[in-house]
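>>> quick one, what's the 3D model for this:
(2 chains)
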Amino acid sequence: MTSERTQRSARIATLPRPRRTGVLASLLLLATLLLAACAGSGTTASGGATPANLKWASSYFPTHWDPVVSGSGAQFRELALVYASLTRTDAKGNVAPDLAQSWTYNGAGDEVTFHLRPKLTFSDGTPVNAAAVKAAIERAKTQKDSALFGDLTSIRSVTTSGELDVVVHLSQVDHQIPLLLGERVLQIASPKAAADPAALDQKPVGAGPFVITQLIPSTKAVLTKNPNYWDAANIHIDKVELTSAPDPTTIVSGVQTGVYNFADIAPSQAKAAKAAGLDVFVQPGFNAANISLNVNKAPFDNPKVVDAVRYAVDRREFVDKVTFGYGRATNQPFPPDYVAYDPQSAKLFPYDPAKSKALLAEAGFKPGQIKLDLVIPRDDPAAEIVQSQLGAVGITVNIKIDKTWATTFFAKDLTLSLYGTTGRDSAAQTLTAHFGPNGPLNLSSPYEPAGFEAAIAKVRQTPLDAPNYAQVLREATRAGLASKALVFTYEQPNLLVKNTSISALPAIPGHLDWTGVTIGGNG
Amino acid sequence: MVRRVLALPVGRIALGILAFIALLAAVGPLLAPGDPLGTSPHTLAGPTWSHWLGTDNLGRDVFSRLLAGSRTSVVGALEVAGVALVAGAIPGILSVYLGSVFEWFTLRLTDTLIALPFLVFAVAVTALLGNGITQAMLTVGVLVSPFFYRVSRAATLTVARSQYVEAALICGASVGAIVRRHVWGKVLPPIAVALAQTIGVGFVIVSSLTFLGIGVQPPAPTWGGLLASDLGYLAYQPWAPVAPAALIMATVWASNLLADAIRDVSGEAGRSLLNGRRVARARRAGEAVATRSGGALR
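Here you go, the predicted model:
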């Protein structure tokens, strides 16, 4: 054997120089291939032969990774990779266990105790216990830059009872709390990491399905599977590369070429994605877009002008031209199949431009006499549709793109604007955000439609599993729709594209849940 | 100058294209067959007799929008060039005559302006002053002005050190008189070249800014805005970006051709070039007459 090797070495040594180099290069290549093969034969966390990598291009890449600062907006889906919460929702939108395996209300309905799963830890080793949950709720209520404190006004205080029981004391009877303390509002960070909120914002630490290993702010995050996640057995993805989506027109090419394998896309790109053989699907949700009016400012201080706007809106045009048929028309803050959607109000203020013109004439306005600025944060075809539809009844609208829109909108300084919500798990939260006197989406604060406060209080007092819950919720929606501050237009679809190797996601409304999802059949 | 430029084929092509674009800007919006802002249910339709370039995502006639958008694009480019000319050429000429303090100050200011990326700066200024084509173009014009400053200063320096200017000074001519009588005529050709080039650059800048949605408020059409909008619907209308892109390209190309033509015909070199062409033409004509009279081609 030794002599054979010596002879072979001698033969290589005696080869002409170019040929010798070629043989050495071939051996090197062979060795590399063998090494690669050895590496590939190892099993991954998901048990598959090759790592299951999710390469997700997101239009909602989080600006902040501290959930308290990030708030309950659309980027909660990305943060949910890292953070778990007390509860989650199921495919029907009903509340389901997450870190809390169960919860119980007291008889009066003003105190709820969450019972945590035992022996859980955050990714930094800190235990997930009652003290950690208490600290998370208190931080969301008190941190100076918290975007969540407005959502937690029903919570008076939090105490612990033993290691695993968290008692939430309420300022009013509120059966919405289990829905409220889900992924949208209470993603729980490690109390040890949250001691320095600025550091947490750069290096998030939670007890969710993944652990962040690299974060380039506003650009990219790399996450690996969290083996200590309570439901780790049902997570079949080894690694997530979350990238801030580039120009919408390039996303389909990115997925087609394998740069990404999952992305949210604009409806205008769905045709290209389908033509490329990608899997285009609509994740159920409760998105709703609206025209926001300020009834504290002229001309909307005249109810007839508000009604004229309501009758001037042709919702079908938004569906056809903005959503390319993937969305649906709605005159409520929910899509038509949602539990809080009120069928009785479905035909409220139908498209009737003649009636709209008549109302304007009754209000004493000639065509073209009303001139308004429609202030929006970025170019939006929906704004041009609003301009065209209001123009058709005699209201001149000037579109104004204002990069500081958020400041003026939430300060309620604008007269006319547009807003699109991705909804909330708690329908009561969605309703109060739109119609409540201090609702962030109520451009006419402190205006509140008559009867809304009583209706929403009744919702809070009704247990989620009560037989009349849906009816009470719809009555609250009906009361809210008396508001003159909002004209709802259409449902924006949660349009997503994925490589066909990724299995279907659980159809949980408004959420992107990776439980049970496989890539390349690795489950 | 115009006659000399027209004597060159490239000059005629450039002026022809630019005249056509100017005509579009002047009467294009009046010629538009439809309402450029009028929406319809026929979205992303292909070309038909009623919509020559089809319709956009909101069902608006693309041809009408292209015509309506020409004025904004042309006026924007001219604003850039005009502001750059005034803000650059005048200080450039005066820097030679108004003393070392003015010279030092304008040179440092020019260096600073050159260091600023004009697209980024235009974005920042429109964010500060509000989104409008005028403020965006004023900003870009000022940032492009160092080009004129340098060209005019270099040309003035050459003239200022010539013997006839020194003779005029000795004879007691004022600085104003020297600039008017001796400098301006010599400095004008390089400035004209720079102006033609800057109009082309201005078009690119206007188109880039409007492509990014800066400078105009929707739904006002611009060529850059149409191009940006078309790119979002390539799956429906892959040919749609051709028309606005061709108009932008043709205008920029014509501006650069015009700059080349002005450069070729200006100064002594230009005069000799034209004279040479004239002589060559005359010679060819003479040969043709001789050939015909000799009957050699039969």
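>>> contact residues of chain A facing chain B?
Residues of chain A found near chain B (C-beta under 8 Å from any C-beta of the partner chain) are A:248-249, A:266, A:268-269, A:271-272, A:275, A:317, A:320-321, A:378-379, A:381, A:383-385, A:387-388, A:398-403. C-betas here are computed from N, CA, C, even on glycine.
>>> which of the residues you listed fall within strands?
The members of the residues of chain A next to chain B that map onto strands under DSSP state E are A:398, A:399, A:400, A:401.
>>> residue in chain B nearest to chain A?
Taking C-beta to the nearest C-beta, chain A has its nearest neighbour within chain B at residue B:235, 3.7 Å off.
>>> and that residue, how many neighbours does it have?
Residues near residue B:235, counting by other C-beta atoms under 10 Å in any protein chain shown, number 18.
>>> contacting residues around the residue nearest to it when sequence neighbours are not counted?
Take residue B:235 and drop its neighbours on the chain: the residue closest to it by C-beta to C-beta, 6 or more residues apart in numbering or on different chains is residue A:272, 3.7 Å away. Residue A:272 sits next to A:252, B:234, B:235 when contact means C-beta atoms under 8 Å, 6 or more residues apart in numbering or on different chains.
>>> filter the residues you listed down to just the ones in helices.
Using DSSP state H, the members of the contacts of residue A:272 that fall in helices are residue A:252.
>>> can I get the contacts of residue A:272 in CSV with pLDDT and distance to residue A:452?
Putting these into CSV (pLDDT from 0 to 100; distance: C-beta to C-beta, whole Å) gives the following:
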residue, pLDDT, distance to residue A:452
A:252, 94, 43
B:234, 93, 46
B:235, 93, 44
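>>> JSON lines for the ones in strands among the residues of chain A next to chain B, including neighbour count and pLDDT?
Listed next are these as JSON lines, based on neighbours: other C-beta atoms under 10 Å in any protein chain shown; pLDDT from 0 to 100:
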{"residue": "A:398", "neighbour count": "12", "pLDDT": "95"}
{"residue": "A:399", "neighbour count": "19", "pLDDT": "94"}
{"residue": "A:400", "neighbour count": "19", "pLDDT": "92"}
{"residue": "A:401", "neighbour count": "21", "pLDDT": "88"}
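>>> please identify which pair of the residues you listed lies farthest apart.
A:398 and A:401 (11.0 Å; C-beta to C-beta).
>>> so what sits against both of the two?
Joint contacts of residue A:398 and residue A:401 (C-beta under 8 Å, 6+ apart) are residue B:217.
>>> sketch out the low-pLDDT regions of the chain for me.
The chain I'm using is chain A. Within chain A, the stretches with pLDDT under 70 are A:1-49, A:522-523.
>>> hm, I was asking about chain B
B:267-274, B:288-298.
>>> can you do 50?
Residues of chain B meeting the criterion pLDDT under 50: B:293-298.
>>> which residue lies nearest the spatial centre of it?
Geometric centre of chain B, nearest residue: residue B:199, 1.6 Å, by C-alpha atoms, centre = their mean.
>>> what comes up buried for the lengthiest helix in chain B?
In chain B, taking DSSP H as the definition, the longest helix is helix B:62-97. By neighbour count on 16 or more other C-beta atoms under 10 Å in any protein chain shown, the buried set for helix B:62-97 is B:62-85, B:87-89, B:91-96.
>>> what does whatever helix or strand comes next after it contact?
The first helix or strand that comes after helix B:62-97 along the chain, using DSSP states H and E, is helix B:99-115. Residues from elsewhere that reach helix B:99-115 (C-beta under 8 Å, 6+ apart): B:91, B:92, B:94, B:95, B:96, B:142, B:143, B:145, B:146, B:149, B:150.
>>> helices of the stretch 401-523 of chain A, start to end?
Taking DSSP state H, counting those that start in this stretch, the helices of the stretch 401-523 of chain A run over residues A:405-410, A:427-435, A:452-461, A:469-480.
>>> can you pull the buried residues of the last one?
Buried residues in helix A:469-480, defined by neighbour count with 16+ other C-beta under 10 Å: A:469, A:472, A:473, A:474, A:475, A:476, A:477, A:478, A:479, A:480.
>>> give me the neighbour count for the nearest residue to the second one once chain neighbours are set aside.
In space, residue A:472 comes closest to residue A:462 once its chain neighbours are excluded; the distance is 4.7 Å by C-beta to C-beta, 6+ apart. Using other C-beta under 10 Å, residue A:462 has 22 neighbouring residues.
>>> and for residue A:516, the neighbour number?
Neighbours of residue A:516 using other C-beta under 10 Å come to 14.
>>> now residue A:352
Counted with other C-beta under 10 Å, residue A:352 comes out at 17.
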